[in-house]
Structure formats: structure tokens, C-alpha cells
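Peer 1: would you be able to build a 3D model of this:
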Amino acid sequence: MNTTQGMDISAEVQVALETGQPVVALESTIISHGMPYPQNFETAHSVENIIHEEGAVPATIAILEGRIKIGLSLNELEQFSQIRTQVKVGRRDLPLVLTQKQSGGTTVAATMICARLAGIAVFVTGGIGGVHRENEKTMDISADLKELAQTNVAVVCAGIKSILDIPRTLEYLETHGVPVIGFQTAEFPAFYTRSSGSLVQSRLDTPQEIARCMKIKWDMGLDGGLVIGNPVPPESAMDESRIQEAISEALKEANENKIEGKEVTPFLLERINQLTEGESLKSNIALVCNNAHLGAKIAVAFQTQP
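Peer 2: Numbering: from 1, shown residues only. Modelled structure (predicted):
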């Protein structure tokens, strides 16, 4: 294991980085806050296996006892999956969590930062954060969006959850110069469903095209990430009316219970899963695995760019 800059890079990831093998970063709030045990561990393990099968090396990123971990062992992954009192670590939290030697799951923003520090260009997640509904009252805009504007990592996701304001999220990304690409779709996906009614900036149909776009962007000195929207597989997509009904009920309950800040999304995900009798969790797992297939293919293609 290589230890540098407060980071511990696993031997497998370190060898891959040194020898030019494709590496894919994976976040850990999906493990610590996004899914219950044991589905969180099973999904994380499956995603790592998918990335291996596609010819890349997975690097699950987390904070363990004040150290940034780039790549977890199977034992570390299972132990991490069972701790339900962990900190949710975003950009602003990183210095304090490291100083206080805490453990926690990294958000999209924090994972992007750590991936960039380690030299990893492709990151797979479920969905990115966005502009929250009624943000004109709350000023609640995910730090993920600001990170995408400044950190050179491509993020493969199934769009953003429809608990958020999708049109305003896309407007924010446009304002900050973040390319939003639809993989084999002209419409931005809405996490549990394949369409949102909002168009992406451009449709690209192959991992090679996406990898080429990444290289051109960064070779030109245009800092910041890219969003690759990859729709949930058709067989795993949810009925739009059912998921919207569950989201509306969950949002209402969150408001009545005065749940705010970083506690909102975990509450909503758990409540939506309850209201859909587990269907939303199944959809979530399917879309993450689908993103892993695409992310690994992009990472492989990126490594072969001239």
C-alpha cells in the first residue's frame, strides 16, 4: 500500500496507476447512507466485480480513521458497510474529518476531489446531487455541482434523483460550463426513470466518443468535470407515476419532520424505498451496476487515447 498526502492507495490501484491501467473511482456514501446492509455491501462488491470484468481496476474511496482510502480490501468494504453512524463527508467536511481522525462515506464532491488527488479520471456513482426544489427559499444546492465545475473527473451517473429540480440543475451546470452528455439518449435521465423531459447538451453513443471528449476538454485547459447521463435499464426503470407519488409523500414527511441539510437525501431514499415496497432499491442497485459497465468501458477507452 502506498501512503502519501494523507492517502492510503491500495496495492492493486497503485500498480494500475503506475502501469497505465484504467482505474474507476467509486463513492462510499452509497454504502454508508444510500442503502441498508447487506444490500449495500453486496452492491458495492458486485460493482467492483463488474469493473474488473470490463478490464479496469475499481477504487472505492472512503475515509477510515482520518485517512483517505483509495481502494478498499474486501474485509474493509464489509466492515464499512455495517457501520451506520458514519459521517457523510463532502468538500467542506474533509479537513475536519481528517483532523479528527473520523470515518465516513465520501459524497460525489469529496470522491471527485480524492480521485483527482490520486490521478483517477473516471468516477461511477448512482446519481449526482443537484438544485433542490424550492431552492429560492432554502438556497440548497448540492456541492457536487460546484465540484463538477472545477475538478477534472468524468462522472457516470443515472442523472439526478427526481426529488430534486432537474431543469434548474441543468441550468446551473450550463452556467458553469459543465458538459452534460447523454449516453445513447438525448434526454437527461431521472435516476429511477429513463427520461425527465429535459434535454442533454449532446448525445454520444460510444464510450470511445466520451473518452475523446474528455481528452479534448482537458487538453484545451478547460478545467472541470463532465456529466455522463446513463439511463437505468428499461427492465429496471420504475413507473413514473408511482415513483412521483412516493417522492411527493416522502418530501411532505421530510418537511413535516423538519429534516434539513445533508439528512434530507438519506431520509428520502429510505422512505421512498418503504413506500415503493422495495422497488426503488432494486432500481437503484440495477442502475449503479449499469453505470459500472459504462464507466469501466470509458476508463479503458480513455487510457488508449493518443
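
Peer 1: could you use CA atoms for every contact and neighbour count after this?
Peer 2: Fine.

Peer 1: so who does Ala115 touch?
Peer 2: 25, 61, 70, 121, 123, 153 (C-alpha atoms under 8 Å, 6 or more residues apart in numbering).

Peer 1: ok, which stretches of the protein are strands?
Peer 2: 2-4, 7-9, 23-26, 57-64, 67-70, 87-89, 104-106, 122-124, 154-157, 180-183, 202-204, 226-229 (DSSP state E).

Peer 1: mind putting those strands in JSON lines, mean pLDDT and distance to Met214 included?
Peer 2: Shown next, in JSON lines, are these (pLDDT from 0 to 100; distance: least, C-alpha to C-alpha, whole Å):
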{"stretch": "strand 2-4", "mean pLDDT": "58", "distance to Met214": "27"}
{"stretch": "strand 7-9", "mean pLDDT": "96", "distance to Met214": "24"}
{"stretch": "strand 23-26", "mean pLDDT": "98", "distance to Met214": "15"}
{"stretch": "strand 57-64", "mean pLDDT": "97", "distance to Met214": "19"}
{"stretch": "strand 67-70", "mean pLDDT": "97", "distance to Met214": "22"}
{"stretch": "strand 87-89", "mean pLDDT": "92", "distance to Met214": "27"}
{"stretch": "strand 104-106", "mean pLDDT": "95", "distance to Met214": "23"}
{"stretch": "strand 122-124", "mean pLDDT": "98", "distance to Met214": "10"}
{"stretch": "strand 154-157", "mean pLDDT": "98", "distance to Met214": "7"}
{"stretch": "strand 180-183", "mean pLDDT": "98", "distance to Met214": "11"}
{"stretch": "strand 202-204", "mean pLDDT": "98", "distance to Met214": "12"}
{"stretch": "strand 226-229", "mean pLDDT": "98", "distance to Met214": "7"}
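
Peer 1: quick one on the thing from earlier: Glu42: which of the contacts of Ala115 is nearest?
Peer 2: Ile61 (16.4 Å; C-alpha to C-alpha).

Peer 1: for the closest one, which non-adjacent residue is spatially closest?
Peer 2: For Ile61, ignoring the flanking residues on the chain, the nearest one in space by C-alpha to C-alpha, 6 or more residues apart in numbering is Ile70 at 4.8 Å.

Peer 1: how close does that neighbour get to Asp144?
Peer 2: Distance check for Ile70 against Asp144: by C-alpha to C-alpha, to the nearest Å, it reads 19 Å.

Peer 1: contacts for stretch 256-267?
Peer 2: The contact list for stretch 256-267 (C-alpha under 8 Å, 6+ apart) reads 33-34, 88, 140, 254.

Peer 1: ok, stretch 287-294 next?
Peer 2: Applying C-alpha under 8 Å, 6+ apart, the contact partners of stretch 287-294 are 43, 46-47, 50-51, 54, 124-126, 156-158, 191, 207, 230-233, 236.

Peer 1: what do you get for stretch 121-128?
Peer 2: Under C-alpha under 8 Å, 6+ apart, the answer for stretch 121-128 is 23-27, 30, 108, 112, 115, 144, 152-161, 191, 284, 287-288, 291-292, 295, 298-299.

Peer 1: of those residues, grab the buried ones for ChimeraX.
Peer 2: The buried residues among the contacts of stretch 121-128 can be selected in ChimeraX (16 or more other C-alpha atoms under 10 Å) with this line:
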select :23,24,25,26,27,30,108,112,115,144,152,153,154,155,156,157,158,159,160,161,191,284,287,288,291,292,295,298,299
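
Peer 1: can you map out the helices along the stretch 51-200 of the chain?
Peer 2: For the stretch 51-200 of the chain, the helices defined by DSSP state H, counting those that start in this stretch cover 74-82, 94-99, 108-118, 135-138, 143-150, 166-175.

Peer 1: on that earlier part again, which residues touch the residue nearest to Ile61?
Peer 2: By C-alpha under 8 Å, 6+ apart, the contact set of Ile70 is 7-10, 13, 59-62, 114-115, 118.

Peer 1: quick revisit: would you turn the strands of the chain into TSV with distance to Leu269?
Peer 2: Formatted as TSV, the strands of the chain follow (distance: least, C-alpha to C-alpha, whole Å):
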stretch	distance to Leu269
strand 2-4	35
strand 7-9	30
strand 23-26	19
strand 57-64	21
strand 67-70	26
strand 87-89	15
strand 104-106	16
strand 122-124	19
strand 154-157	16
strand 180-183	24
strand 202-204	29
strand 226-229	20
